[in-house]
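J.: Provided below are the primary sequence and the corresponding predicted coordinates.
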Amino acid sequence: MKNIFITFLSFVLTFELLSILSLSFPNKIIKPKTIETSFNSDLNTKSVYLVGDSFAGHGYPKIFKEYFNAKSMNFYDLSEAGTELDTHRIILDSLNQIKPELIIYFYNIADIVAIDEPILNHQKNKQTENKGSFLNYLRKKNHTIFLIKQLFHHVFLATTGKPTPGSNSYNIPKENVNHKEELQKIFNSIKSKELIIVVNSSFLYGNNPKNWVHYDMFNKMKLNNNILLLQTVDIVDGPQFSISWRNGHPNDKAIDLISKKIIKDYSEKFLMK
């Protein structure tokens with residue numbers, strides 16, 4: 001029993017140390033390129049802009065740049081990891097001034113927190129934050145506890161096909177439905193000649209976004225005729241398309257399939273009119 005305890009304690013201390021060290025190195029975040037240069041371009045009618053968070057990054061910009069440059073169109077990557085709907089609206093409102101040829105907007109369903117932040121557990125009942133501060137610290141900052149919570153969440157997903165009740169993942173799909181009218185208004189207010197909206201859900205193991213309430217809502221949205229809306233779950237679906245069991249972002253295989261679908265549908269809807 002003593003040896004088991006020592007082994008477990010060693011694992012916890014090692015995991016905590018490695019987690020802390022990993023946080024001490026800054027992440028390389030791709031910053032949005034300035035859009036001021038595009039305002040003065042004579043080719044704005046042939047310009048394409050990519051907007052979104054980390055779900056729009058990674059391999060998409062390179063693929064889209066090659067495709068649209070081959071079509072004699074400018075391509076600007078304005079995506080940035082860690083941004084949410086409020087930041088995207090600022091960028092989209094700026095682009096409305098020039099009305100470009102095409103905007104590809106990657107909307108992550110988690111970005112709804114920019115409209116309704118209290119849906120996040122750690123933002124509820126802020127007045128109670130100071131109570132039991134040490135326990136709050138352990139609950140939020142302890143990497144071992146966080147890992148155990150993730151494991152429990154994934155087991156629940158795998159067995160039920162739904163997120164753990166009360167978790168952020170459980171609340172977010174419902175909040176997208178609650179804010180349907182506002183999202184619809186935002187999408188329809190984007191003033192580009194053509195617009196592609198790519199709705200992203202997590203690819204974590206056990207996820208079944210087609211069974212979640214937001215899926216049908218997006219499919220039934222009343223959007224302008226110049227808008228093409230795609231849901232990535234209709235293109236790729238399953239844990240084999242995520243970066244890892246803890247990271248629900250699309251891997252290279254998923255990005256390849258999704259980008260091909262976007263290009264194919266863009267060509268059929270807008271280029272073959």
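T.: Nice, I can see it.
J.: which stretches of this protein have low pLDDT?
T.: The model of the chain has pLDDT under 70 over residues 1-45, 116-164, 166-169, 203-208, 245-246, 272-273.
J.: Assign residue 97 to helix, strand or coil.
T.: coil (DSSP: H, G, I helix; E, B strand; the rest coil).
J.: burial count for residue 264?
T.: When counting by other Cβ atoms under 10 Å, one arrives at 10 neighbours for residue 264. To be clear about C-beta, it is placed using only N, CA and C from the backbone, and glycine gets the same treatment.
J.: Identify the residues contacting the helix or strand harbouring it?
T.: Secondary structure from DSSP states H and E places residue 264 in helix 252-266. With contact meaning Cβ atoms under 8 Å, 6 or more residues apart in numbering, helix 252-266 is reached by 58-60, 63-64, 67, 102, 104, 194, 196, 198, 203, 228, 230, 232, 235-236, 240-242, 250.
J.: Quick check on residue 185: phi, psi?
T.: Dihedral angles of residue 185 (phi, psi; degrees, to the nearest 10) stand at phi -70, psi -40.
J.: Give me the neighbour count for it.
T.: Count around residue 185 with other Cβ under 10 Å applied: 10.
J.: Pretty sure residue 57 sits against residue 79.
T.: Yes - using Cβ atoms under 8 Å, residue 57 is in contact with residue 79, at 5.3 Å.
J.: More neighbours: which of the two?
T.: residue 79 (27 against 19).
J.: All the strands of this protein, in order from the start?
T.: With strands called from DSSP state E, the chain shows them at 47-52, 74-77, 102-108, 194-200, 227-231.
J.: hey, C-alpha coordinates of the fourth one in PDB?
T.: Only the C-alpha atoms of strand 194-200 are listed here, as PDB (Å, rounded to 0.1, in the frame of the first residue of the first chain):
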ATOM      1  CA  GLU A 194     -20.600  36.000 -51.400                       C
ATOM      2  CA  LEU A 195     -20.300  34.500 -47.900                       C
ATOM      3  CA  ILE A 196     -19.500  31.100 -46.700                       C
ATOM      4  CA  ILE A 197     -20.200  30.300 -43.000                       C
ATOM      5  CA  VAL A 198     -18.600  27.200 -41.600                       C
ATOM      6  CA  VAL A 199     -20.100  26.000 -38.400                       C
ATOM      7  CA  ASN A 200     -17.600  24.100 -36.200                       C
END
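J.: Which strands border that strand, and is each parallel or antiparallel?
T.: Note on strand 194-200: by DSSP bridges, its sheet partners are strand 102-108 (parallel), strand 227-231 (parallel).
J.: between those, which gets nearest to residue 178?
T.: Closest approach to residue 178 among the strands paired with strand 194-200 (Cβ to Cβ): strand 102-108, 15.8 Å.
J.: If anything else comes up later, I'll come back, but that's it for now.
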